[in-house]
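# Would you be able to build a 3D model of this:
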Amino acid sequence: MFKTSLLALVAALGVTAAHAESATYAIDPSHTFATFEIGHFGTSTNRGRFNKTSGTVTLDKAAKTGALDVTVDTTSLDTGTAAFTKHISSEEILNVAANPTAKLVSTKFVFSGDKVVEIDGNLTLNGKTNPVVLKAQNFNCYQNPMVKREVCGGDFDATIVRSQYGVSYGLNYGFPDNVHLVIQVEAVKQ
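A predicted model of the protein is given here:
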């Protein structure tokens, strides 16, 4: 009976310890940005960045699970050129007046060892939601010497088909339908 009780206690502590590994991280808006790249007539690449983000990451390294919920303020678009930013923000393309946010919500984290290598989820952009797979180009956790907390993050990228989000401007001119997204994320353990 003592052995059975001891095993039950050890099992309960094991479940508690595994559950205790789950941690919530707040997106660091000064180190989290969403950027895009799209070809321009096969010659150069147009780029833009959204400067304001918010959200949370939940990570359980022991259980190899996680969750991501990031909101991007589309009104914070910055292409480096005022006229181009205005055009991308217009009703012809992203219509940020009607859709002031984009949202990425994960459905699954994929690990290789202790590293996140992929995040599957749903991207809502321009009022439309489609599945997306973000591949980790970097993933790391470190003890931040300034905030004295653990910070986890990385660079994640995906290619989306913009017409699936109702963004078809320029397709008839030969602009590509594929857009490369890079989401740079750093989040601070709470």
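# Toward the C-terminus from the helix or strand of the chain with the lowest mean pLDDT, list the very next helix or strand.
Least confident helix or strand, the chain: helix 2-20 with a mean of 43, by mean pLDDT, DSSP states H and E. With elements assigned by DSSP states H and E, the helix or strand that comes after helix 2-20 is strand 23-27.
# burial of the residue lying closest to Asn51 once chain neighbours are set aside, as a residue count?
Leaving aside its sequence neighbours, Asn51 sits nearest to Ser76 (CB to CB, 6 or more residues apart in numbering; 4.1 Å). (Each C-beta comes from the backbone N, C-alpha and C, glycine too.) Neighbourhood size, Ser76 [other CB atoms under 10 Å]: 17.
# Do I have it right that Ser76 meets Lys52?
Yes. Applying CB atoms under 8 Å, one finds Ser76 in contact with Lys52, separated by 3.9 Å.
# Now do stretch 38-56: distance to the chain's middle.
14 Å (CA atoms, centre = their mean, to the nearest Å).
# Would you mind measuring the gap between the ends of it?
28 Å (CA to CA, to the nearest Å).
# Give me the buried positions along it.
Residues of stretch 38-56 classed as buried: 38, 46-48, 50, 52-53, 55 (neighbour count, 16 or more other CB atoms under 10 Å).
# Could you identify the most distant pair in the residues you listed?
Asn46 and Gly55 (26.0 Å; CB to CB).
# neighbouring contacts of stretch 173-187?
Stretch 173-187 has contacts (CB atoms under 8 Å, 6 or more residues apart in numbering) with 25-28, 31-42, 56-57, 68, 70, 104, 132, 134, 151-163, 169, 171.
# about what we covered before: want to throw the buried residues of stretch 38-56 into a markdown table with secondary structure, pLDDT and distance to His87?
Below are the buried residues of stretch 38-56 laid out as a markdown table (DSSP: H, G, I helix; E, B strand; the rest coil; pLDDT from 0 to 100; distance: CB to CB, whole Å):
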| residue | secondary structure | pLDDT | distance to His87 |
| --- | --- | --- | --- |
| Ile38 | strand | 96 | 13 |
| Asn46 | strand | 95 | 10 |
| Arg47 | strand | 97 | 14 |
| Gly48 | strand | 98 | 11 |
| Phe50 | strand | 98 | 16 |
| Lys52 | coil | 97 | 20 |
| Thr53 | strand | 96 | 22 |
| Gly55 | strand | 97 | 27 |
